[in-house]
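K.L.:
Got a predicted structure plus its sequence, pasted below:
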Amino acid sequence: MSDDKRVNGMLATSRGLGRLPDGLKQYVSNVAFEQEFELIDGEDKFLLFCSDGLLETMSATEAVEIIYSFIGDAVTVKAADSRRLLEEAAELVATTAMERGAMDNITVIIVQLLWQLK
C-alpha cells in the first residue's frame, strides 16, 4: 500500500471486483470492511454509507459534519419531506470530495432513521 492509499499506486479500492491488473491480486481482498455500532434511539438521525473514493479526501466524521451543517434540524419524522434534502446533502458531500481532487469512484448514500415516537 502506497502513501496515497493505493495498491501499487494504481488501485484505490477497499475490495477488488472483476479483473485486476497484473500483480495486484495478492494485495487486494474481496472481503468488505464492516463495523458494528449501537444506535441511540432518537439521537442518531441517519446512516452514512460511502465509498473509499469519498474517504480519500475527508474523514467519515468530516462527511457527517458537512451533512449536519447542510441539513441542520430540518430532517423531520416525515420521510417524504426530508428525502430531497438528504439527496442534496449526499450530492454536496460527493461534490466536495471531487473539488478536493478525489481520484476514485464516489458513492454517498444517506439513510434517514425514523424512530418510534413515544
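P.N.:
Yep, it's here. Bear in mind that the values here come from a model prediction, so they are computed numbers and not experimental data. Residues are numbered from 1 along each chain as shown.
K.L.:
contacts, neighbours, all on C-alpha from now
P.N.:
Noted.
K.L.:
Isn't Gln112 up against Phe46?
P.N.:
Yes. With contacts counted by Cα atoms under 8 Å, Gln112 reaches Phe46, the gap being 4.3 Å.
K.L.:
Which helix in this structure has the most residues?
P.N.:
The residue-count maximum for a helix in the chain (DSSP state H) belongs to helix 79-99.
K.L.:
and Leu39, what helix or strand is that in?
P.N.:
Under the assignment given by DSSP states H and E, Leu39 is not contained in any helix or strand.
K.L.:
Give me the buried positions along stretch 40-57.
P.N.:
Along stretch 40-57, the positions that meet the burial threshold by neighbour count (16 or more other Cα atoms under 10 Å) are Lys45, Phe46, Cys50, Asp52, Gly53, Leu54, Leu55, Glu56, Thr57.
K.L.:
Could you verify my assumption that the third one touches Ile106?
P.N.:
By that I understand Cys50. Yes. Counting by Cα under 8 Å, Cys50 does reach Ile106; the two are 7.3 Å apart.
K.L.:
what touches both of these two?
P.N.:
For the pair Cys50 and Ile106, no residue contacts each of them under the criterion Cα atoms under 8 Å, 6 or more residues apart in numbering.
K.L.:
quick one: the closest residue to Cys50 other than its chain neighbours from Gly42, how far?
P.N.:
In space, and not counting its chain neighbours, Cys50 is closest to Val108: 4.6 Å by Cα to Cα, 6 or more residues apart in numbering. Plainly put, Val108 is 23 Å away from Gly42 if you go by Cα to Cα, to the nearest Å.
K.L.:
hey, where'd the strands end up in the protein?
P.N.:
Read by DSSP state E, the chain holds these strands, from start to end of the chain: 46-50, 108-112.
K.L.:
so which of these gets nearest Glu34?
P.N.:
With Cα to Cα as the criterion, Glu34 lies closest to strand 46-50 of the strands of the chain, at 10.8 Å.
K.L.:
Strand partners (parallel or antiparallel) of the closest one?
P.N.:
Paired with strand 46-50 in the same sheet, following DSSP bridges, are strand 108-112 (antiparallel).
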